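Undergrad: Fold the following and give me the result.
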Amino acid sequence: MIARIAAALTLGVGLAFSAQANAQDTVKIGLIMAYSGPFADTANQMQAGIDLYIAQHGDEVAGKKIEIIKKDTGGPKADEAKRLAQELVVRDGVDILAGFTLTPEALGAAGVADQGKKFMVVMNAATSIITEKSPNIVRTSMTIPQLNTAFGKWAFEKAGVKQAYTLVADYAPGHDAEKSFAKGFTDAGGKIVGADTSPMGPPDFSAFVQRIKDASPEAVFVFIPGGAQPPALGKALAQRGLTPPDVKLLAQGELTFPEAIESMGDTAKGIITTFNYTMERDDPTNNAFVKAYREANGGRSPDIYSVGGYDGMHLIYEALKKTGGDTSAEALVEASKGMSWESPRGKMTIDPETRDVIQSVYIREVKEVDGKLQNVVIDEIPEVKDPLHGMAN
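TA: Presented below is the predicted three-dimensional model:
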């Protein structure tokens, strides 16, 4: 009897150690994104970038197996993102939180990453304040002020725009976009002659576009999120003649996603946008990325969401290599600070002070190339930092 009890205890201890070893040999990454709802396509492009990186680099790093657990917020829902982050940490035992299609998701999960001491990688959400919500957050996408402050200055100094009207989506990123473009533009000498905000609901821009037309501005600056909104706004602008060459149309790059260009047709010619990534950039690293992405996704091309997910996984893999597989937030954040690599978007670096990305800002114009309309890079502003960190937002 004593021998049987001893054997059972030994077996139990062995199983416990085995389970612990298995857990230690796995890195669980919880992805929180809007896999359904109006921003599902954004999440799908991010996921495709994540999947491509894993397919190219394997699902093991630093001797540990990578396990992905997906959670769907259904849209820009901060409370749902917080609940899902808690579920991932408490029930699923994840080591890393990542993804974040939209700013409300990232803000909702930030407190969980902070309290739970979990490394959190923001692969898309672009409001400046996100990385200030926890020392455990690192971002691999962009910030809206990073793009648009530089763009506003460029519009006055390089495009010759002297006065402009702004139309932005009525949520945190939209307000960031309006504030930053206006600052860059007015600091350079330009004047804002009107400003408006549009709701995040179903995309009906007719009333907003009519107000722009009534104001007769020299130029219009636009910021709206991806999904169904860019084609709808592009169509509304075209219907009222608010397109080049009659009016200079300036926007963050979502407005000239391929499907939006297709919807607008020839009226898209001459639209000037800013982005941190453009698939048309002719560079060996980017060309290889675009080719591999299309092969893996039925011919579909990558976008900023794709490259945000791809580079997010690069950061996680390289940080894990530097820590030797240590998944503590402190170790991974320290490993990330100052990290620099050649991305499909060009050189990018994680700012050691802000944990945000330093990268080139590209200025693009819609032109006809080989009989097809596409974005063409017409200028590059290298090594741009977010200008709003540490300032009131």
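Undergrad: can you map out the helices along this protein?
TA: Assigned by DSSP state H, the helices in the chain fall at 2-24, 40-57, 78-90, 103-115, 144-157, 172-188, 206-215, 229-239, 258-264, 284-296, 304-323, 329-336.
Undergrad: Identify whichever of those helices lies nearest to D379.
TA: Nearest to D379 among these is helix 144-157 (6.8 Å), distances taken as CB to CB. All C-beta atoms are positioned from the backbone trio N, CA, C, and that covers glycine.
Undergrad: Go through the closest one and flag the buried ones.
TA: Buried residues in helix 144-157, counted by 16 or more other CB atoms under 10 Å: 144-156.
Undergrad: now swap in stretch 326-345 and tell me
TA: By 16+ other CB under 10 Å, the buried positions in stretch 326-345 come out as T327, A329, A331, L332, V333, A335, S336, M339, S343, P344, R345.
Undergrad: can you tell me which of the helices of the chain the model trusts least?
TA: Among those, helix 2-24 has the lowest mean pLDDT, at a mean of 40.
Undergrad: check contacts around the residue nearest the centre of the chain.
TA: Nearest to the mean C-alpha position of the chain, by CA atoms, centre = their mean, lies N124 at 2.0 Å. Neighbouring residues of N124 by CB atoms under 8 Å, 6 or more residues apart in numbering: T42, M46, G99, F100, T101, L102, S141, I304, Y305, G308, G309.
Undergrad: 7 Å instead?
TA: M46, F100, T101, S141, Y305, G308 (CB atoms under 7 Å, 6 or more residues apart in numbering).
Undergrad: F100 now?
TA: Contacts of F100 (CB under 7 Å, 6+ apart): I32, M33, A106, A109, V122, M123, N124, A125.
Undergrad: about what we covered before: what are the phi and psi values at the residue nearest to the centre of the chain?
TA: Backbone dihedrals for N124, given as degrees, to the nearest 10, come out at phi -150, psi -50.
Undergrad: Return the per-residue confidence for it.
TA: pLDDT, N124: 96.
Undergrad: Okay, it and L233: tell me how far apart.
TA: Noted for N124: a distance of 20 Å to L233, by CB to CB, to the nearest Å.
Undergrad: isn't Y171 right up against S198?
TA: No. Y171 lies out of contact with S198 (CB atoms under 7 Å); the separation is 10.0 Å.
Undergrad: what phi and what psi does the backbone show at S141?
TA: phi -100, psi -90.
Undergrad: which one is K179 nearest to, not counting chain neighbours?
TA: P145 (7.4 Å; CB to CB, 6 or more residues apart in numbering).
Undergrad: you'd agree the one you found is up against V361?
TA: No. With contact defined as CB under 7 Å, P145 does not reach V361; the gap is 10.8 Å.
Undergrad: what about the residue nearest to P382 when sequence neighbours are not counted, neighbour count?
TA: Nearest non-adjacent residue to P382, counting by CB to CB, 6+ apart: S360, 4.9 Å away. By other CB atoms under 10 Å, the residues close to S360 number 20.
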